[in-house]
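Undergrad: Below: sequence and its predicted model.
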Amino acid sequence: MHLPTLHAMSNGDTVFATVDLSASPERVFRALSTDQVELWWGSVDTYRMVDWSADLRVGGRWTVVVRTSDGSDLPAGGEFLEIEAPRRIVQTRAYAWDHPTLGRRQTKVAWLLQPVAAGTRLTICHGGFAGLAEAAAEHADG
């Protein structure tokens, strides 16, 4: 099985990432906006997403628990700011615990889905790291 190559970078304030996926924009949108995220986000060696819930509407809230490989549960959540199915999701994100480099600062994530010949080009812009370049770099690596 060939895994897609993700390209990520940060300018210190915002993380930018892009990947081409062999799935339709509709399928990728569902994977980002439903509990399907638990099936593919993370890895057994690092962390998994569990207990995903979302009220998929502008102003709706979402929550997830990140379960680390040692069994620690780290909750996060936010609010949906923009939804344009199946092309775009913009949401806030904040940890409900003191992240070592980001703390509980709220950030904003934009998921942009563009149809391409092979399926979907997913572009992620994750902003709100101003003054926290280490946190931005860590999120780009993650």
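TA: Right, received. Where do you want to start?
Undergrad: how near is S69 to W52?
TA: For S69, the distance to W52 equals 19 Å [CB to CB, to the nearest Å]. Bear in mind the C-beta positions are built from the backbone N, C-alpha and C, glycine included.
Undergrad: the more surrounded of these two?
TA: W52 (17 against 12; other CB atoms under 10 Å).
Undergrad: quick one: strands adjacent to the helix or strand hosting that one?
TA: If you go by DSSP states H and E, W52 is part of strand 47-54. Strand 47-54 sits in its sheet next to strand 42-43 (antiparallel), strand 61-68 (antiparallel), going by DSSP bridges.
Undergrad: Now do the first one: distance to the chain's middle.
TA: Spelled out, that is strand 42-43. Computed by CA atoms, centre = their mean, to the nearest Å, the chain-centroid distance of strand 42-43 equals 12 Å.
Undergrad: Not counting its own residues, what contacts it?
TA: With contact meaning CB atoms under 8 Å, 6 or more residues apart in numbering, strand 42-43 is reached by 48-49, 66.
Undergrad: pLDDT averaged over that strand - what is it?
TA: The pLDDT scores in strand 42-43 average 77.
Undergrad: Where does the prediction get shaky in the protein?
TA: Counting by pLDDT under 70, the chain has low-confidence residues at 1-3, 142.
Undergrad: That one: helices as residue ranges?
TA: 25-33, 37-40, 133-141 (DSSP state H).
Undergrad: I'd like to know which of those helices is closest to E79.
TA: E79 lies closest, by CB to CB, to one member of the helices of the chain: helix 25-33, at 13.5 Å.
Undergrad: Go through that closest one and flag the buried ones.
TA: Judged by neighbour count (16 or more other CB atoms under 10 Å), helix 25-33 contains these buried residues: 25, 27-33.
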